[in-house]
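Participant: here are the coordinates; sequence isn't available:
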């Protein structure tokens with residue numbers, strides 16, 4: 001027998017900025033009933049009103065119409081995405097000031113399992129420490145209904161898995177907003193979907209959401225056709241293109257699996273690199289970063305800690321590298337070593353001179369509140385240069401799921417997710433061949449994550465990604481670098497799930513072995529090719545002259561692409577168009593060979 005709801009929203013409506021955010025008078029309003037053991041995923045685009053709905057549920061905001069009913073004695077607790085720590089000296093002070101203040105021992109019990117010192121000063125606490133403190137505060141209040149807004153942001157994998165385990169045992173109900181698909185699939189038993197001011201519910205966990213969403217859009221399209229009222233949903237339908245996107249996603253994943261298979265073929269079970277065994281030109285290594293027996297430590301004497309130990313890897317053009325591990329394991333250090341930002345204590349990292357990187361996390365300072373969308377994308381103009389192609393700023397906005405009418409909106413009025421999406425649009429427009437993404441999925445909604453996966457798949461350069469989002473890594477990267485804090489780095493062809501499988505297999509195999517034998521587990525590293533000890537006069541000359549030749553070729557390619565961007569050229573002179581196009585291809589081939597030659601020489605001479 002179904003239990004009565006602990007919370008109900010009936011015909012709720014709310015105005016915001018002079019318009020109805022949801023539940024206008026011409027609609028039935030929002031209706032929601034939450035049972036005592038419901039596990040609800042709340043899905044919706046950035047800006048759809050998900051956080052506002054949480055505020056209505058928690059009575060922090062009153063509706064303009066409709067009614068909110070709560071079963072007497074029900075304790076509702078909110079885990080906010082960005083709680084305010086300003087008034088509190090320590091994390092414990094923050095935790096003990098909840099709406100239903102818990103006992104200090106209850107907070108300490110949860111904090112101990114999360115590995116957080118609640119005596120830490122709030123002002124100097126990291127994002128991860130604040131997130132753990134907020135979780136300890138929320139869980140210690142013993143809620144009957146827990147509202148979680150992006151709970152996995154800033155958490156490492158160990159903390160995410162602990163939270164999943166706690167929620168799996170939790171006796172109450174929860175509603176969660178999250179971009180973490182794995183988290184949602186493992187925990188939810190129903191989905192509520194907020195879109196265009198309408199709240200729908202389906203008693204199926206997040207794993208069934210995609211099929212339900214497509215079914216809803218297909219039914220809308222059929223109804224619109226029957227009523228001859230296509231314009232009501234045409235813009236949204238065309239923008240989403242659910243079926244088309246799903247087909248593209250499947251094609252992208254098939255391509256990713258092929259790339260992983262190629263990489264796996266270069267990594268033998270015993271760690272011996274198989275590079276150079278093939279004569280097929282399409283499979284030749286085009287290394288852009290080579291790490292050779294790299295080690296890095298911090299501290300001295302007894303306080304010295306080995307962050308990276310004897311690490312070797314050849315990164316090819318087009319590789320998508322995922323870096324995973326607990327907070328403090330060395331992910332950022334490894335990233336800085338690979339990009340040349342940090343020098344190793346031992347070994348050598350060689351980076352191709354032509355590598356031009358974009359580090360998206362470092363560009364957030366450009367998103368100042370007083371700037372407009374037009375300022376950020378087009379420096380105040382109407383056109384955006386997207387990797388050598390001119391696009392109208394409003395058309396480019398649509399590619400990143402924005403309403404073109406937002407072109408003059410101020411950054412300060414946008415949500416965190418919208419700002420993150422705009423930053424991605426800006427940075428992906430810039431010419432580059434190396435993309436560095438540090439926790440790129442924070443603040444992004446699920447649709448933007450789909451878009452980001454597509455853009456990364458189409459990116460012609462190399463990508464380095466630090467992320468705790470397991471589903472995102474599984475659908476994006478070709479190689480996973482796994483760090484456990486001991487200094488060794490697992491190198492696996494595949495995503496997070498592949499790394500987990502390898503760890504499990506290794507742990508089973510390691511039972512009964514001595515610790516010394518177990519230290520060989522970084523055996524899957526792709527070792528660099530052996531260096532020649534003899535440097536000829538021609539080698540030395542090529543090493544000195546090739547960088548200038550590479551620059552010349554890059555300029556020639558850029559000039560050719562600029563000429564081809566003229567839409568009238570092909571019609572006016574198809575032969576000229578063909579000649580220039582062929583010239584660009586020839587220049588690219590020569591440039592690839594020159595870069596590969598210089599990198600090999602750098603390993604030989606600088607080594």
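Facilitator: That came in fine, so what should we check first? This structure is a prediction, so every number in the text was calculated from the model and none was measured. Numbering: from 1, shown residues only.
Participant: In three-state terms, how would residue 471 be classified?
Facilitator: Of the three states, residue 471 takes helix according to DSSP: H, G, I helix; E, B strand; the rest coil.
Participant: Now for the residue nearest to it when sequence neighbours are not counted: which residues touch it?
Facilitator: Spatial nearest neighbour of residue 471, chain neighbours left out: residue 181 (3.8 Å); criterion: C-beta to C-beta, 6 or more residues apart in numbering. The way it works is simple: take the backbone N, C-alpha and C, and place the C-beta from them, glycine included. By C-beta atoms under 8 Å, 6 or more residues apart in numbering, residue 181 lies in contact with 206, 446, 449, 469, 471, 472.
Participant: And for residue 386?
Facilitator: Residue 386 sits next to 396, 428, 429 when contact means C-beta under 8 Å, 6+ apart.
Participant: Go again with 7 Å.
Facilitator: Contacts for residue 386 (C-beta atoms under 7 Å, 6 or more residues apart in numbering) come out as 396, 429.
Participant: Quick one, grab the pLDDT at it.
Facilitator: Per-residue pLDDT puts residue 386 at 84.
Participant: And residue 567, by the same measure?
Facilitator: On the pLDDT scale, residue 567 is placed at 69.
Participant: Go through the biggest helix by length in the chain and flag the buried ones.
Facilitator: Longest helix in the chain by number of residues, with DSSP state H as the criterion: helix 574-606. Of all the residues in helix 574-606, those buried under the rule 16 or more other C-beta atoms under 10 Å are 577, 580, 584, 587, 590-592, 594-604.
Participant: Now the phi/psi pair for the residue nearest to residue 471, please.
Facilitator: Here is the backbone geometry of residue 181 (degrees, to the nearest 10): phi -60, psi -40.
Participant: Also residue 28?
Facilitator: Per-residue torsions, residue 28: phi -80, psi -10 (degrees, to the nearest 10).
Participant: From residue 10, how far off is it?
Facilitator: 10 Å (C-beta to C-beta, to the nearest Å).
Participant: residue ranges with poor pLDDT in the protein?
Facilitator: Applying pLDDT under 70 to the chain flags the ranges 1-2, 221-253, 263-285, 358, 360-366, 510-534, 567, 603, 606-607.
Participant: how's it carved up into domains?
Facilitator: As assigned by automatic domain parsing, the chain contains the domains 7-207, 241-356+432-529, 365-431, 537-606.
Participant: Nearest to residue 218, out of the ones you listed?
Facilitator: Closest to residue 218 of the domains of the chain is domain 241-356+432-529 (C-beta to C-beta; 7.9 Å).
Participant: pretty sure residue 321 contacts residue 464?
Facilitator: Yes. Assessed by C-beta atoms under 7 Å, residue 321 is found in contact with residue 464 at 5.0 Å.
Participant: and the next element down the chain from whichever strand or helix holds residue 545?
Facilitator: Here residue 545 sits within helix 537-564, counting by DSSP states H and E. Note on helix 537-564: by DSSP H and E, the next helix or strand toward the C-terminus is helix 569-572.
Participant: ranges for the helices of the stretch 301-450 of the chain?
Facilitator: Using DSSP state H, counting those that start in this stretch, the helices of the stretch 301-450 of the chain run over 331-338, 373-378, 393-399, 416-429, 446-458.
Participant: show me where the stretch 1-150 of the chain has strands.
Facilitator: Ranges of strands in the stretch 1-150 of the chain, per DSSP state E, counting those that start in this stretch, are 7-16, 19-22, 30-34, 39-43, 65-70, 76-79, 145-149.
Participant: Give me the helices and strands touching the first one, please.
Facilitator: On a contact count with 3 or more C-beta pairs under 7 Å, 6 or more residues apart in numbering; DSSP states H and E, strand 7-16 meets strand 19-22, strand 30-34, helix 50-57, strand 65-70.
Participant: Out of the ones you listed, flag the one nearest residue 304.
Facilitator: If you check each of the helices and strands packed on strand 7-16 against residue 304 by C-beta to C-beta, helix 50-57 wins as the nearest, at 44.9 Å.
Participant: Run through who's touching that closest one.
Facilitator: Residues from elsewhere that reach helix 50-57, judged by C-beta under 7 Å, 6+ apart: 7, 12, 14, 21, 42, 44, 61, 63, 68, 76, 78, 147, 149, 177, 194.
Participant: Drop anything exposed from those.
Facilitator: Among the contacts of helix 50-57, those classed as buried by neighbour count (16+ other C-beta under 10 Å) are 7, 12, 14, 21, 42, 44, 63, 68, 76, 78, 147, 149, 177, 194.
Participant: separation between the residue located most distally from the centre of the chain and residue 4?
Facilitator: The centre of the chain is farthest from one residue, residue 537, which by C-alpha atoms, centre = their mean lies 46.8 Å away. Plainly put, residue 537 is 88 Å away from residue 4 if you go by C-beta to C-beta.
Participant: now residue 292
Facilitator: To residue 4, residue 292 is 66 Å away according to C-beta to C-beta.
Participant: Please identify which of those two sits among more neighbours.
Facilitator: residue 292 (20 against 9; other C-beta atoms under 10 Å).
Participant: Mind listing what's buried along stretch 489-497?
Facilitator: Going by neighbour count (16+ other C-beta under 10 Å), the buried part of stretch 489-497 is 489, 490, 491, 492, 493, 494, 495, 496.
Participant: same thing with stretch 367-383?
Facilitator: 367, 372, 373, 374, 375, 376, 377, 378.
Participant: what do you get for stretch 185-198?
Facilitator: Across stretch 185-198, burial judged by 16+ other C-beta under 10 Å covers 186, 187, 188, 190, 191, 192, 193, 194, 195, 197.
Participant: is it true that the fifth one touches residue 41?
Facilitator: In other words, residue 191. Yes. Contact criterion C-beta under 7 Å: residue 191 and residue 41 qualify, at 4.8 Å.
Participant: any shared contact partners between these two?
Facilitator: When C-beta under 7 Å, 6+ apart defines a contact, the residues bordering residue 191 and residue 41 alike are residue 206.
Participant: what's the burial count for residue 410?
Facilitator: Neighbour count for residue 410, taken as other C-beta under 10 Å: 13.
Participant: what are the bridge partners for it, then?
Facilitator: Beta-bridge partners for residue 410, by DSSP bridges, are residue 372.
Participant: tell me the contacts of it?
Facilitator: Counting by C-beta under 7 Å, 6+ apart, residue 410 has contacts 369, 370, 372.
Participant: Let me know the closest of those to residue 413.
Facilitator: Here the nearest of the contacts of residue 410 to residue 413, counting by C-beta to C-beta, is residue 369; it sits at 8.2 Å.
Participant: For that closest one, give its distance to residue 398.
Facilitator: For residue 369, the distance to residue 398 (C-beta to C-beta) stands at 24 Å.
Participant: end to end, how far does stretch 98-118 reach?
Facilitator: 15 Å (C-alpha to C-alpha, to the nearest Å).
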